[in-house]
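Undergrad: need a 3D model of the following:
(one chain, ligands or ions: 1)
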Amino acid sequence: MLASGFAHRGHMVGIRNIEFGHVRHGAEFFGGALCDGQTPPGPGQHHRRTLFLGQFGYTKCERRVRQDSSDNEPLTCQNRHVATVVDMTSSLPSIGYLGGTGPAGSALAARLASVGYPGFIGSRTPERGQEVASELVAKWASRQLDLAGGDNAAAAQRDIIVLATPWDSAATTVTEHAEALRGKVVITMANALIRVGKEFQPLIPPRGSIAAHVQAAIPASHVVAAFQHLPAIELGALDHDVDSDVLICSDNNEATKTVSDMVAHIAGCRPLNAGLLSNALAIEALTAVLLQLNVRYKTRVAPRFTGIN
Ligand SMILES: NC(=O)c1ccc[n+]([C@@H]2O[C@H](COP(=O)([O-])OP(=O)(O)OC[C@H]3O[C@@H](n4cnc5c(N)ncnc54)[C@H](OP(=O)(O)O)[C@@H]3O)[C@@H](O)[C@H]2O)c1
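TA: Prediction:
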């Protein structure tokens, strides 16, 4: 079981259109037809309330009821409606970033906050965590990022944890906060690499991967390997989509699904379930290849896999 309930909630706003044509019954899509004591909207009226409980949590939207005067039964005509989402209030979990002050953690925090995941930037120095969070909020002021910062201990209190320290301090960092991480999803994005001249070479840790090493350090948590291949610069450029598949692996299906949902929120990213945590070895090592391609072709590559629809 994953740690139950997400204690920290955030908000996101956005606009999109949803075609209701495929919805047969309101209950398939709606979180409930009407609240107690609430009357259905009349013909041509607009009804703002929580409309559906989808993969990404609760969403508020606006539903336009059919114009003809016989339309006073909201659930019988839904399959002819188009709803416009004008405001979305999410119940997305809050993310704590251990070592979130570096390029990778701060970029991921900004990106996920921009799609509704509140974040807390952790650091060994609380002032540094606060400073980086404030900088991100100021940099993307129009996006009203729900980000705060402080020490790693406070970050470890959040619902889901991203471990964003260098690989050689990953296990020691989670060990310090093992109790707070108990039962939680802990995402590791670390790659064990060394640079030899112009070459990047993967290091194979004793347990095969940093992810496996971290899982061994916090056996009561659910470690998920993800985000290794996304360049921090691309992640942090919120005015551009991120064009990449994201390989995800863990030994817990629910944890993999939780992280897949996060990835699916990022425009341009496709989550791919890459199996058990033992595959983190290949995922982490592949980063050396990607960095080599960056050097060779003077670019920033990210992986895309064909053949999966
Ligand atoms: N950079 C990328 O493009 C990228 C992309 C994907 C994945 N990654 C992976 O993501 C991780 C973070 O990358 P990064 O480039 O952001 O790393 P980084 O800047 O070297 O380190 C991130 C943060 O970790 C903390 N830290 C440093 N040394 C530590 C130690 N000995 N013990 C505990 N905390 C320490 C520091 O925060 P405080 O000083 O504030 O505590 C630092 O700001 C790495 O494992 C990397 O392989 C990076």
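Undergrad: what's around E135, how many residues?
TA: Residues near E135, counting by other C-beta atoms under 10 Å, number 16. All C-beta spots, glycine's among them, are computed from the backbone N, C-alpha and C.
Undergrad: wait, does whichever helix or strand it is part of make contact with the ligand?
TA: Using DSSP states H and E, E135 maps to helix 126-139. Yes - residues of helix 126-139 contacting the ligand under C-beta under 6 Å from any ligand atom: R128.
Undergrad: give the contact list for the closest residue to the ligand within the stretch 201-309 of the chain.
TA: Closest approach between the stretch 201-309 of the chain and the ligand, counting by C-beta to the nearest ligand atom: A232, at 3.4 Å. A232 makes contact with G102, P103, A104, S106, A107, L108, according to C-beta atoms under 8 Å, 6 or more residues apart in numbering.
Undergrad: what secondary structure does the last one sit in?
TA: In the three-state summary, L108 is assigned as helix, counting by DSSP: H, G, I helix; E, B strand; the rest coil.
Undergrad: excluding chain neighbours, give the residue nearest to it in space.
TA: L235 (5.6 Å; C-beta to C-beta, 6 or more residues apart in numbering).
Undergrad: got phi/psi on the one you found?
TA: phi -60, psi -40 (degrees, to the nearest 10).
Undergrad: surely it touches A109?
TA: No - in this structure, L235 is not within contact of A109 by C-beta atoms under 8 Å, at 9.4 Å.
Undergrad: more neighbours, the two?
TA: A109 (32 against 25).
Undergrad: report the contact partners of the residue of the stretch 101-250 of the chain found nearest the ligand.
TA: The nearest approach of the stretch 101-250 of the chain to the ligand comes at G102, 2.4 Å away (C-beta to the nearest ligand atom). Counting by C-beta under 8 Å, 6+ apart, G102 touches A164, T165, P166, A232.
Undergrad: can you read off the pLDDT for it?
TA: Per-residue confidence (pLDDT) for G102: 98.
Undergrad: repeat for S91
TA: pLDDT, S91: 87.
Undergrad: count the neighbours of it for me.
TA: Counted with other C-beta under 10 Å, S91 comes out at 15.
Undergrad: got it, and the one 3 residues further on?
TA: Applying the criterion other C-beta under 10 Å, we find 22 residues in the vicinity of S94.
Undergrad: ok, it touching A113?
TA: No - using C-beta under 8 Å, S94 makes no contact with A113, being 9.8 Å away.
Undergrad: before we move on, back to that, compare the contacts of G102 and tell me which is most surrounded.
TA: A164 leads the contacts of G102 on contacts (other C-beta under 10 Å) with 29 neighbours.
Undergrad: can you list phi and psi of that residue for me?
TA: phi -120, psi 30.
Undergrad: quick check: pLDDT value at the closest residue to it other than its chain neighbours.
TA: Leaving aside its sequence neighbours, A164 sits nearest to G105 (C-beta to C-beta, 6+ apart; 2.9 Å). Looking at G105, its pLDDT stands at 98.
Undergrad: one more: N309?
TA: Value for N309, per-residue pLDDT: 86.
Undergrad: repeat for A141
TA: The model's pLDDT for A141 equals 98.
Undergrad: residues near it, how many?
TA: Neighbours of A141 (other C-beta under 10 Å): 9.
Undergrad: distance of it from R124?
TA: Separation of A141 from R124 (C-beta to C-beta, to the nearest Å): 28 Å.
Undergrad: now Q201
TA: Where R124 is concerned, Q201 sits at a distance of 28 Å (C-beta to C-beta).
Undergrad: what's the answer for S106, then?
TA: From S106 to R124 the distance is 15 Å (C-beta to C-beta).
Undergrad: same question for G268.
TA: Distance from G268 to R124, by C-beta to C-beta: 32 Å.
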